[in-house]
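Chemist: Pasting a predicted model and its sequence here:
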2 protein chains.
Amino acid sequence: MLGQMQDYELRVTHLLDHAAREHGSREIVTRWADGSESRTSWAGVAHDSRRLAQALERLGLRPGDRVGTLAMNHAHHLVAWYGTMGMGGVAHTINPRLFDDQLAYIANHAGDRVLLYDKAFQPIVDRLKAQWTTIEHYVVMDGDGPDSLRALIDVEDGDYAWHEGSERDACLMCYTSGTTGNPKGVLYSHRSTVIHAITELQPAEFDLSAQAVALPVVPMFHAVGWGLPFAMAAVGGKFVFSAVNDAKVLCALMNREKVTHSAGVPTVWFAMFQHMDETGEEPRHLKIVTIGGSAAPRAMVERIMRMGVRVNHAWGMTETSPIGTMGAPSWDWDELSFEQQVDQVVKQGRAPFGVELRVVDDEGALLPRDGVSSGRLQIRGPWIVKRYYGSDEDALTADGWFDTGDVAVIHPDNVMQITDRAKDVIKSGGEWISSVDLENAAVGCPGVAEAAAIGVFHPKWDERPILLVVRKPGSAVTAEEVQAHLAKHVAKWWLPDEIHFVDDLPHTATGKLLKTAIREQYKDFRLAAA
Amino acid sequence: MLGQMQDYELRVTHLLDHAAREHGSREIVTRWADGSESRTSWAGVAHDSRRLAQALERLGLRPGDRVGTLAMNHAHHLVAWYGTMGMGGVAHTINPRLFDDQLAYIANHAGDRVLLYDKAFQPIVDRLKAQWTTIEHYVVMDGDGPDSLRALIDVEDGDYAWHEGSERDACLMCYTSGTTGNPKGVLYSHRSTVIHAITELQPAEFDLSAQAVALPVVPMFHAVGWGLPFAMAAVGGKFVFSAVNDAKVLCALMNREKVTHSAGVPTVWFAMFQHMDETGEEPRHLKIVTIGGSAAPRAMVERIMRMGVRVNHAWGMTETSPIGTMGAPSWDWDELSFEQQVDQVVKQGRAPFGVELRVVDDEGALLPRDGVSSGRLQIRGPWIVKRYYGSDEDALTADGWFDTGDVAVIHPDNVMQITDRAKDVIKSGGEWISSVDLENAAVGCPGVAEAAAIGVFHPKWDERPILLVVRKPGSAVTAEEVQAHLAKHVAKWWLPDEIHFVDDLPHTATGKLLKTAIREQYKDFRLAAA
């Protein structure tokens, strides 16, 4: 027997309509890359999004077509998303920090027909235009030149009814480059995005209402900007965007606009602390800071909590929309000492309703939630990836779980804690660096016998790679020569901060590098620069 | 192009599984009708619900079958819901305050195969058993006799996998008796219920997390207990139930169990104030009180706010699951004076993401959101009724909106305010009384020429009916005779508090009673008992 409630497709356009209708005058503030500022509102974003939808149709785009964005956070990036999704298209966020091979691959693989980009990334566009085979139209997001978004939409009237369709339709895609091999595209549906957005509002997650003033430092090209562009529309909160992530600029914006919510990787807070120490300034209106992308160090958690600000320690990834867990206060929070509260917050928190976690051993057997049994962290739920774009098979275990590549324990109170990574990657400023790719590039250098890349603590970037090199017998290859070789094969920011020459490296019984032993050996290592 | 996220049916069993898995030890406290108390947990409720599902299958129930409940709030009522829904059945909450004709009609119309009831309602069962044609099994909810829920489930082991099915399946039904004619059944789906539950968590709604300790005074048979049995499972909060709604008992429970959230009709708070005034006691841990069912008087809002407690002034109905609007703090809340804050809270608030409101005139033309244009309030969204159970036509306007029967304005800040009722009903203690039914019964009394029933202010029940009677020429019919006549036709609690004899009543041009004029005339009237 079927229920008899109204039909309603969970489309992301409903989110924007809600914000424009119920909170239409709530501001969207942008501090642009050139230092200029502009202010619009949810009503303004909705109007511009309708005009962009009209313009995209004028360019010949059809529902399902992909529109790439290569841009920082600003009001026009929000318009790019909603305008594209509103005409039934798929907004595709491209991470401008990837290296050229990946950038070329991603836009071609997605089949982007239009690219909306920031002037700051003109050099990328100039370098790759010849390699991008599907992009027909290039539009500059900022400014008001003839190729600008402003020029594109200003000829439209905004008298447009959103494309209607199934909630199962794709609305957004984002490629993940966390592993070796080509980047893989995650294709979010309207349904998954809306359910995720409503979930994020609750007090144990982002704790969002119309009173919220959010400045997301996490870029919109990073795992859907952690969902904030949708969740904030669901409540009609005020958005403050900055196209540059300089701590001085951010701190001033936060204070002037009375920002209550911010979100970013640990690196952002290292920089903010430095600014605070140098100037004595600090963000004065913050209530909640969400930290994710990589584990927040205890000292960071403590310092932010001592400012009277709640720290949401989150875990997730592109494949999980991205909320997997968040470290909300426990039932007995008010009875805990400050130290005990910090003990809780340094873990990654609980799963919200919707997602389910499990930890399994290498044979796939379920491990107990005992705080000790460490294993592969797997996840399932309505906003978790099923299959990568263009793949002909699901990215799931035989029984339907997504293996995250993280290694974790679940404590008896159901709080999850990441303990290691199954994938051999280094996370620098929230971005993945593949150890294996670095090692493979290094051993291609004449004179290098073997190389091991590991991440070591860095006060600004959280982790940076160092490379341990075993020279070939008789070789006198130098660090400079290895660096010069690597520079030809990987992005500049992937280059190891230090290269150490060693006599040998530990191996497993089957001859693989024993990375756990190497990481253990270097766990207290501090970079000279630090 | 379809998104590629995981398949996941939004079934209410996921809510219970989440609570049992992530917050399994969180308590569910019951204070039973006989004064005894018991404590279970979300894990306990989940185990009992699985056992009830097994037992219902043992009785021969199949997915889609209806299981009636005639019960107050307690842990077993929660088990009755989840057990029924978990085996694919439809839990049907029956309001024990309805009169016998309605009670007979409702269970038969729903086709309930099992009735789970409180001992306190044994007289109802005894009276109606012969008229209930579809109920095969009667189970007592409280106690542990041979006919009890406890006896029914104790022979089962709980090794049960929930029935799986579409999220569009029905899971719950509730009849509404707000208008003349037979009660109408609203048939909620798993999908509508889950979306509504997640929506309720956000700070601008019930503001629920695992830290919440909720004592819902609103009965579970009233508009889905305002969704709390689902929303609380979504966060694993602690539930405190009382099967009796005595202010002294409630206040003691609230203080001992540190209740942070409560919800109920205004009548509940009138009684609590009286208790506070008499004893000097007050609930000391409350953070948020949700008031709905009928408009909360300004003095009530003020008094609760002065206790340092947030008042959520809500509007909704059985047909809206029930959240339509809630009065959350506005952006500029912190800059308002106390009086200005109260001004806001006495209105009914804004629509959350999901539902959409409009006000139309009698011809269906859209009225502006100007705070002045009063008209019929209509609503649409994923948790709003489409069609009543058993009806062969949708209960919607031609363009898909549900007409609520309320008359409202929407202010320029999008806050909704109920100004009148299109349907001629009286709301006593949160329950509907039909003026037209009362009037029709009255004019059946010998000696009565015409009668008008209106609601007047009552300090405990918010509104109570009084009846204005025009005698037939030469008649000397007395108030006692009219009351005795009415008692044969309507529920005892529908009987007017006073009967006034008048010479004539005002009429419209077409000869109908001009109720607005009569209500205006009596707006300052106070019942002698008050």
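Modeler: Sure thing, it's come through.

Chemist: Please give me every residue in contact with A:Asp420.
Modeler: Neighbour list for A:Asp420: A:Ser374, A:Asp406, A:Val407, A:Thr516 [criterion: C-beta atoms under 8 Å, 6 or more residues apart in numbering or on different chains]. C-beta coordinates here come from the backbone N, C-alpha and C atoms, glycine included.

Chemist: Would you mind giving both backbone torsions of it?
Modeler: phi -170, psi -180 (degrees, to the nearest 10).

Chemist: try A:Ala104
Modeler: phi -70, psi -50.

Chemist: near chain B at all, the helix ranked longest in chain A?
Modeler: Secondary structure of chain A per DSSP state H: the longest helix is helix A:42-58. No - using C-beta under 8 Å from any C-beta of the partner chain, we find that helix A:42-58 stays clear of chain B, coming within 11.7 Å at best.

Chemist: quick one on the thing from earlier: state the pair within the contacts of A:Asp420 that is farthest apart.
Modeler: Within the contacts of A:Asp420, A:Asp406 and A:Thr516 form the most distant pair, 14.6 Å apart (C-beta to C-beta).

Chemist: re earlier: list the helices and strands the longest helix of chain A packs on?
Modeler: Contacts defined by 3 or more C-beta pairs under 8 Å, 6 or more residues apart in numbering or on different chains; DSSP states H and E place helix A:42-58 against helix A:12-22, strand A:27-31, helix A:75-86, helix A:149-154.

Chemist: got those as CSV, with mean pLDDT columns?
Modeler: Supplementary listing: the helices and strands packed on helix A:42-58 in CSV, determined by pLDDT from 0 to 100:
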stretch, mean pLDDT
helix A:12-22, 98
strand A:27-31, 98
helix A:75-86, 98
helix A:149-154, 98
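
Chemist: Whichever residue of the stretch 51-200 of chain A sits closest to chain B: neighbour count?
Modeler: Evaluated by C-beta to the nearest C-beta, the stretch 51-200 of chain A has A:Ser189 as its residue closest to chain B, separated by 2.5 Å. A:Ser189 is flanked by 26 other residues according to other C-beta atoms under 10 Å in any protein chain shown.

Chemist: Apart from its chain neighbours, what residue comes closest to it?
Modeler: B:Gly3 (2.5 Å; C-beta to C-beta, 6 or more residues apart in numbering or on different chains).

Chemist: Which residues are in contact with that neighbour?
Modeler: So B:Gly3 contacts A:Arg168, A:Asp169, A:Ala170, A:Cys171, A:Leu187, A:Tyr188, A:Ser189, A:His190, A:Arg191, A:Ser192 (C-beta under 8 Å, 6+ apart).

Chemist: Just want the angle from the longest helix of chain A to strand A:27-31.
Modeler: Orientation note: helix A:42-58 sits at an angle of 70 degrees relative to strand A:27-31 (axes from the mean of the first three to the mean of the last three C-alpha atoms, to 10 degrees).

Chemist: neighbouring contacts of the helix or strand that helix A:42-58 is followed by?
Modeler: Counting by DSSP states H and E, the next helix or strand C-terminal to helix A:42-58 is strand A:66-70. Outside strand A:66-70, the residues that touch it by C-beta under 8 Å, 6+ apart are A:56, A:61, A:77, A:80-81, A:84, A:89-94, A:96, A:107, A:110-118, A:121, A:124-125, A:135, A:141, A:173, A:220-221.

Chemist: helix/strand/coil for A:Ile418?
Modeler: Look at A:Ile418: counting by DSSP: H, G, I helix; E, B strand; the rest coil, its state is strand.

Chemist: And the pLDDT for it?
Modeler: Here the pLDDT value assigned to A:Ile418 is 86.

Chemist: In chain A, where is pLDDT below threshold?
Modeler: Filtered on pLDDT under 70, chain A yields the residue ranges A:178-181, A:422-423, A:508-512, A:529-530.

Chemist: doesn't A:Val186 fall inside a strand?
Modeler: Yes - the assignment for A:Val186 by three-state DSSP puts it in a strand.

Chemist: ok so, going back, list only buried entries from the contacts of A:Asp420.
Modeler: A:Ser374, A:Asp406, A:Val407 (16 or more other C-beta atoms under 10 Å in any protein chain shown).

Chemist: What is the nearest of the residues you listed to chain B?
Modeler: A:Asp406 (18.0 Å).

Chemist: Just give the closest residue to the closest one, not the sequence neighbours.
Modeler: That would be A:Leu377: by C-beta to C-beta, 6+ apart, it lies 4.6 Å from A:Asp406.

Chemist: Go ahead and name everything in contact with the host helix or strand of the one you found.
Modeler: Assigned by DSSP H and E, A:Leu377 falls within strand A:375-380. Residues external to strand A:375-380 that are found in contact with it (C-beta under 8 Å, 6+ apart): A:320, A:324, A:351, A:355-362, A:367, A:396-397, A:400-409, A:416, A:418, A:422, B:6, B:8.

Chemist: Walk me through which strands that strand pairs with, and which way each runs.
Modeler: strand A:356-360 (antiparallel), strand A:402-410 (antiparallel) (DSSP bridges).

Chemist: Just the CA trace of the longest one, in PDB.
Modeler: By that I understand strand A:402-410. Coordinates of each C-alpha in strand A:402-410 appear next as PDB, following Å, rounded to 0.1, in the frame of the first residue of the first chain:
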ATOM      1  CA  PHE A 402      32.400   1.800  -0.400                       C
ATOM      2  CA  ASP A 403      36.000   1.200   0.800                       C
ATOM      3  CA  THR A 404      37.400   4.600   1.800                       C
ATOM      4  CA  GLY A 405      41.100   3.800   1.700                       C
ATOM      5  CA  ASP A 406      41.300   5.000   5.300                       C
ATOM      6  CA  VAL A 407      42.300   2.800   8.200                       C
ATOM      7  CA  ALA A 408      40.300   3.500  11.400                       C
ATOM      8  CA  VAL A 409      39.000   2.200  14.700                       C
ATOM      9  CA  ILE A 410      35.500   2.700  16.000                       C
END
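
Chemist: Give me the contact list for that strand.
Modeler: For strand A:402-410, the external contacting residues (C-beta under 8 Å, 6+ apart) are A:178-179, A:315, A:317, A:319-320, A:324, A:348, A:357-359, A:369-380, A:384-386, A:395-397, A:416-423, A:425, B:6.

Chemist: Buried ones only from those, please, as a PyMOL command.
Modeler: The following PyMOL line selects those of the contacts of strand A:402-410 that are buried, judged by 16+ other C-beta under 10 Å:
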select buried, (chain A and resi 178+179+315+317+319+320+324+348+357+358+359+369+374+375+376+377+378+379+380+384+385+386+395+396+416+417+418+421+423+425) or (chain B and resi 6)
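
Chemist: residue at max distance from the center of chain A?
Modeler: In terms of distance from the mean C-alpha position of chain A, A:Gly474 ranks first, at 44.7 Å (C-alpha atoms, centre = their mean).

Chemist: Just to be sure, that residue is in a strand?
Modeler: No - counting by three-state DSSP, A:Gly474 falls outside a strand, being coil.

Chemist: how close does it sit to A:His14?
Modeler: The gap separating A:Gly474 from A:His14 is 69 Å, by C-beta to C-beta, to the nearest Å.

Chemist: Quick one: the helices in the stretch 201-350 of chain A, in order.
Modeler: A:228-235, A:247-256, A:266-279, A:298-306, A:338-345 (DSSP state H, counting those that start in this stretch).

Chemist: and A:Pro446, what is it in contact with?
Modeler: For A:Pro446, the contacting residues are A:Ser475, A:Val477, A:His485, by C-beta under 8 Å, 6+ apart.

Chemist: how close does the second one sit to B:Leu70?
Modeler: Yep, that's A:Val477 we're talking about. For A:Val477 relative to B:Leu70 (C-beta to C-beta), the value is 85 Å.

Chemist: Against B:Ala441, how distant is the residue most central in space within chain A?
Modeler: Nearest to the geometric centre of chain A sits A:His222, at 2.7 Å (C-alpha atoms, centre = their mean). Per C-beta to C-beta, A:His222 is found 67 Å from B:Ala441.
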